[in-house]
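>>> My questions are about this predicted structure, shown below with the sequence.
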Amino acid sequence: MTDLKLPPNSPEAEQSIIGSILIDEKVLNGVLEILNPEHFYTYTNQQIYTAIQELASRKTAIDIVTLGDYLEKRFQTAEHFPYLIQMSKDTPSSKNVIAYCEAVIGHWNARKLLEACY
């Protein structure tokens, strides 16, 4: 049996970026400067980060409630709330958010290199 491998990614780093923003909005500007939704491997995280960018562009405060409400209205589902709560609980520290971004971007670069090879 062949083991299928996923392309390079780090769900923990992706979730810790979003969790960092939820627990410490002061990190938002630094993240917005270097990270794009396409850097995320997980589609749900891409959607959530896009929503964060949209709320930030409107100068709306970003926390679990405001982001969850926005996602609920946009996607007609409340399924994001438990995921947002879990990410905020599981994030080790918002102080390391740039390192999490660098990890996610590094994995994105590796995926792009793999794509170029095929």
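Arrived safely, thanks for sending.
>>> Which parts of this structure are helices?
Residue ranges of the helices in the chain, as given by DSSP state H, are 11-23, 28-34, 43-57, 64-75, 80-90, 97-117.
>>> a markdown table for the ones you listed, including mean pLDDT and distance to residue 5?
All C-beta atoms are positioned from the backbone trio N, CA, C, and that covers glycine. Formatted as a markdown table, the helices of the chain follow (pLDDT from 0 to 100; distance: least, CB to CB, whole Å):
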| stretch | mean pLDDT | distance to residue 5 |
| --- | --- | --- |
| helix 11-23 | 98 | 14 |
| helix 28-34 | 98 | 27 |
| helix 43-57 | 98 | 19 |
| helix 64-75 | 96 | 30 |
| helix 80-90 | 96 | 24 |
| helix 97-117 | 96 | 11 |
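>>> Adding mean neighbour count, write those out as TSV.
As requested, those are exported to TSV (neighbours: other CB atoms under 10 Å):
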stretch	mean neighbour count
helix 11-23	23
helix 28-34	14
helix 43-57	18
helix 64-75	16
helix 80-90	16
helix 97-117	15
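>>> For residue 55, list the residues it contacts.
62, 66, 67, 70 (CB atoms under 8 Å, 6 or more residues apart in numbering).
>>> and the first one, what pLDDT?
pLDDT, the model's per-residue confidence, is 97 for residue 62.
>>> ok, it to residue 40 distance?
17 Å (CB to CB, to the nearest Å).
>>> who has more neighbours, these two?
residue 40 (26 against 18; other CB atoms under 10 Å).
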